[in-house]
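Enquirer: have a look; sequence and predicted model below, questions after that.
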Amino acid sequence: MTNNVLILIARILLSFIFILSGFGKLMDPGQTAGLISGAGLPAATALAYIAGLFEVVAGLAVLVGFQTKIAGFALAAFCVFTGAVFHSGTVAIEGWPAEALGWINQLNQIMMMKNFTLAGAYILLAVAGPGAFSIDARRAG
């Protein structure tokens, strides 16, 4: 299998999470707005819609290989920001048993590590480029 085919597969896999997540935020921003509000950020519903739109557009850009460097670096920054802001702290839900909170906190830590790992993948994509099977390659001739 050629590197260009593998890069295409990587782009498809890397785009999937943001296209689906962003679409979900646009269809029902309530849960995301709750997380944003819980983090102390203002205009939670507006930010949920903005995040959803960003995720869909950037995810589609990665999928088709359009403005890959910009999309890659933007998604890397988004992953680091959301990992640090929404997944770095301890979750405390009043009335929940300690066993459940321990599991939730462990899952939250895994989500933070997932975000940081994805940031590395998006930086690599931005630096390596989208490969031959991309809009960027077609535009370059």
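Expert: Looks like it came in fine. Residues are numbered from 1 along each chain as shown.
Enquirer: for burial, what's the neighbour tally of residue 8?
Expert: Using other CB atoms under 10 Å, residue 8 has 18 neighbouring residues. C-betas here are computed from N, CA, C, even on glycine.
Enquirer: ok, it to residue 127 distance?
Expert: 17 Å (CB to CB, to the nearest Å).
Enquirer: isn't residue 12 right next to residue 65, touching?
Expert: No: assessed by CB atoms under 8 Å, residue 12 is found out of contact with residue 65, at 10.3 Å.
Enquirer: show me which of the two is the more surrounded one.
Expert: residue 65 (24 against 11).
Enquirer: what ranges do the helices span in the chain?
Expert: 3-27, 30-38, 44-64, 68-86, 98-128, 135-140 (DSSP state H).
Enquirer: who wins for proximity to residue 92 among the ones you listed?
Expert: helix 98-128 (6.7 Å; CB to CB).
Enquirer: mind checking pLDDT for residue 123?
Expert: pLDDT, residue 123: 98.
Enquirer: so what's it up against?
Expert: 72-73, 76 (CB atoms under 8 Å, 6 or more residues apart in numbering).
Enquirer: got TSV for the helices of the chain, with distance to residue 92 too?
Expert: Output for these, formatted as TSV (distance: least, CB to CB, whole Å):
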stretch	distance to residue 92
helix 3-27	25
helix 30-38	11
helix 44-64	20
helix 68-86	15
helix 98-128	7
helix 135-140	45
